[in-house]
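*Asks:* Sequence first, then the predicted structure:
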Amino acid sequence: MAEKKFPTKIEETLEGSILFNVPFPTGDDLSSLKEMAPIIIKQPYSIEYIHSYGQDSPFFAGLANRRFLVTREPDTGYTYGTPRGHDMYTGKETEWVEIPCEGRLHAFTVCHFGSEEFLPECPYVLGLIEFEGVNTLFLARIVGLDPAEASEKWIGMKLKGRFRRWSKFKPTDVYFYPAE
Amino acid sequence: MRTVYAVSGGVSKFAKSRPDKTFPALVKEAYDYAIADLGLEHPQFRELVDGTVASYFSDHFTRQLMAAIMVQDYLGLCPKPSHRVEGGGATGGICFQEGWKAVASGYMDICLCYGFETMSHVQTWKGNEFIALASDVSFDYPVGGFYSGYYAMMVTRHMKEFGTTVEQMAHVSVKNHMNAYYNPYAQKRQKLSIADVRAAPMVAWPLTRLDICVMSDGAACTILCSEEGLTKLEKASGKRIPRIKVSGIGRGTDAMRMADRPHQSYDDFLKRNLLPHEDTPETRQYYKDLWDRGFRYPGVHSFRAGRMASKEAYKNAGIYDPLTEIDFVELHDAYTSSEIQTYEDMGLCRYGEGGPFAASGKAFMPGIDYGLDLPEQPVCPVNPSGGLIACGHPVGATGLMQAVFAIWQLQGTIAKHFGAPELQVPHAKRGAIHSHAGTGTYVTVSILEKEE
């Protein structure tokens, strides 16, 4: 038989969720469908984003060059431990300032569970770091501590930063460890 | 502004997973309950309602954009006006307040607020990842984004500043799970001890699994109306509707990144953040002493947004001393620690006193045996429903769930709706609901009260 120029049948394929045999009432009485268990299928979804660090980009360039940058309002001197392009009080543009990559532990936790992306890294320590002369904090990974020995005594501990040699252009390009 | 009444509500049974229904059908459950409780059927209500506000948090969980219109459509409310609101964990509270605005402004006489979340559509750890995307994806998420971790960091600072203990936090867990034991809508109805809470698997030190709310599938609805709307509803149903008034709303915000939270001076705190009832020489001295010890506000231990929302709501509702002038609070206890932090923000106690307050008994329900040795009598039960920790936290529904439970408390109809009277706050005249997002980024406080 000659193939039609525009096929009237879609080819059957094996990808996706296929259930070859679904129970269904055979007669005209459809009332039992109200008792049917829900059909639950898997729907994969993944996407790669093109994420720009925008005005914060120099911070990541700094990490790649082993230099820790913060931003400062030029007139008031208010300094952000996590960079902000504009000051929240004066509304003015901030300027980049390099500071020594050492501080103290302001608050912390040990994550024994986490988001899917970080599950393989559990347990890991998250800490907010305070820096001398800086008004706000910086969130970082803390290493070199025993996760089983978590204690509020850790707060106030002196920390030193270390830069990843192979920069991944993430805030984790710098991480901290106990200075003593 | 016109007077706004909260006249009815409905809540679906919160559960880990509700695969038996799609999200629009889940909202329909709550909606049908709310209109039936008014003595109305859909064709009648459809004629009367002027429009809706929709609440859900995450497009990621639904993997469906414009999910709100699917609910509007399924409920049979097209072509009435509607819009969706989103503000993280506070989405439900924001929805309630947007409904209030629609009525108070005169735009609508009758407004339906509905909300939902179906969090079971991904596995728990992927869900945690979605939620963590509500933190800065340049600076917070990539470091190990996990909300339980963020709240755990806050509480370590609270412990350091004020000496708050894990046992005090566990009191909140025991209270809320025990309250939920009598709430048929709750997901986790459990009788626990302090030891049970501490022995549960550690999630983010010092928070165990029983210090943290769970993900849920659920929906909730509330119906708000003006005096004119009330007349219309009563005419249609032929019965008198209890007058539960929304007497004040307040909302506050704070920096997205916890790291950016300012460390205000004492003078700035007094000027901007002190509640009127705290303005006494003794409390001023108490705070001065804290500042002298190095305390800074809000830091990461306190929620300035919650304080500002409370301050505004109390002012609008004419509340001076919240602890004695509010009969119960339904607050956003995503964590036991955040319930303690919120006691302080809402002025139920002073900053720094949340831990002892949690273990004092003041926030417990009268007449329920918690198996704890509580030194004081209940004054203002907090989370009589069981809160997020025990009811579950289907994000877009949560703030509306609080509103529904508050309406029932003030109507005195808890026994009717729960099938058990234990959780009825005796002589409840005024209640507060508190909805909270992110690490304290958006917070809403709304005051409901019975009109005499």
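*Replies:* Nice, thanks for sending it over. No experiment lies behind these values; they were computed from the predicted model shown. Residues are numbered from 1 along each chain as shown, chains lettered A, B, ... in the order given.
*Asks:* Isn't B:F303 up against B:V443?
*Replies:* Yes - at 6.3 Å, B:F303 and B:V443 qualify as touching, with contact defined as C-beta atoms under 8 Å. (Each C-beta comes from the backbone N, C-alpha and C, glycine too.)
*Asks:* Now do the contacts for residue 137.
*Replies:* As the question left the chain open, I've gone with chain A. Residues in contact with A:L137 (C-beta atoms under 8 Å, 6 or more residues apart in numbering or on different chains) are A:G81, A:T82, A:H106, A:L128, A:I129, A:E130, B:M258, B:A259, B:D260, B:R261, B:V300.
*Asks:* my question was about chain B
*Replies:* So B:V137 contacts A:H51 (C-beta under 8 Å, 6+ apart).
*Asks:* can you do 10 Å?
*Replies:* Residues in contact with B:V137 (C-beta atoms under 10 Å, 6 or more residues apart in numbering or on different chains) are A:Y49, A:H51, B:G145.
*Asks:* do the same with A:R72
*Replies:* A:78-80, A:83, A:87, A:94-97, A:99, A:133-135.
*Asks:* Mark which of the contacts of B:V137 are buried, thanks.
*Replies:* For the contacts of B:V137, a burial check counting by 16 or more other C-beta atoms under 10 Å in any protein chain shown picks out B:G145.
*Asks:* Closest one of the contacts of B:V137 to A:R162?
*Replies:* Taking C-beta to C-beta as the measure, B:G145 is the one of the contacts of B:V137 closest to A:R162, at 21.3 Å.
*Asks:* rewinding a little: can I get the contacts of B:V137 in JSON lines with secondary structure?
*Replies:* What follows is the contacts of B:V137, written out as JSON lines (DSSP: H, G, I helix; E, B strand; the rest coil):
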{"residue": "A:Y49", "secondary structure": "coil"}
{"residue": "A:H51", "secondary structure": "coil"}
{"residue": "B:G145", "secondary structure": "coil"}
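*Asks:* Closest one to B:P201 out of the contacts of B:V137, please.
*Replies:* Looking across the contacts of B:V137 and measuring by C-beta to C-beta, the closest to B:P201 is B:G145, at 20.2 Å.
*Asks:* Specify the local secondary structure of residue 168.
*Replies:* This is for chain A. coil.
*Asks:* is it true that it touches A:L63?
*Replies:* Yes - between A:K168 and A:L63 there is a contact under C-beta atoms under 10 Å: 9.3 Å.
*Asks:* Which of these two has more residues huddled nearby?
*Replies:* A:L63 (23 against 12; other C-beta atoms under 10 Å in any protein chain shown).
*Asks:* Tell me the bridge partners for A:F176.
*Replies:* Counting by DSSP bridges, A:F176 forms beta bridges with A:I142, A:G161.
*Asks:* and it, how many residues sit next to it?
*Replies:* For A:F176, the count of nearby residues is 26 (other C-beta under 10 Å).
*Asks:* mind showing which ranges of chain B have poor pLDDT?
*Replies:* Applying pLDDT under 70 to chain B picks out no residues at all.
*Asks:* about what we covered before: highest neighbour count among the contacts of A:L137?
*Replies:* Most crowded among the contacts of A:L137, counting by other C-beta under 10 Å, is A:L128 at 29 neighbours.
*Asks:* From B:Y335, how far off is that residue?
*Replies:* To B:Y335, A:L128 is 17 Å away according to C-beta to C-beta, to the nearest Å.
*Asks:* Does B:V246 touch B:T444 like I think?
*Replies:* No - using C-beta under 10 Å, B:V246 is not in contact with B:T444, being 11.8 Å away.
*Asks:* what touches both of those two?
*Replies:* B:F96, B:Q97, B:A313, B:I433.
*Asks:* Quick one: residues contacting the first one.
*Replies:* This points to B:F96. Contacts of B:F96 by C-beta under 10 Å, 6+ apart are B:6, B:53, B:55, B:85, B:90, B:113, B:115, B:220, B:222, B:224, B:246, B:249, B:399-400, B:402-404, B:406, B:433, B:435, B:444, B:446, B:448.
*Asks:* run the last query once more with 7 Å
*Replies:* Listed by C-beta atoms under 7 Å, 6 or more residues apart in numbering or on different chains, the contact set of B:F96 reads B:C113, B:T222, B:G399, B:L400, B:A403, B:S446.
*Asks:* what's the burial count for the closest residue to the first one other than its chain neighbours?
*Replies:* Excluding the flanking residues, the one nearest B:C113 by C-beta to C-beta, 6 or more residues apart in numbering or on different chains is B:G99, at 4.0 Å. Applying the criterion other C-beta under 10 Å, we find 30 residues in the vicinity of B:G99.
*Asks:* still on that earlier bit, so which of the contacts of B:F96 sit within helices?
*Replies:* B:G399, B:L400, B:A403 (DSSP state H).
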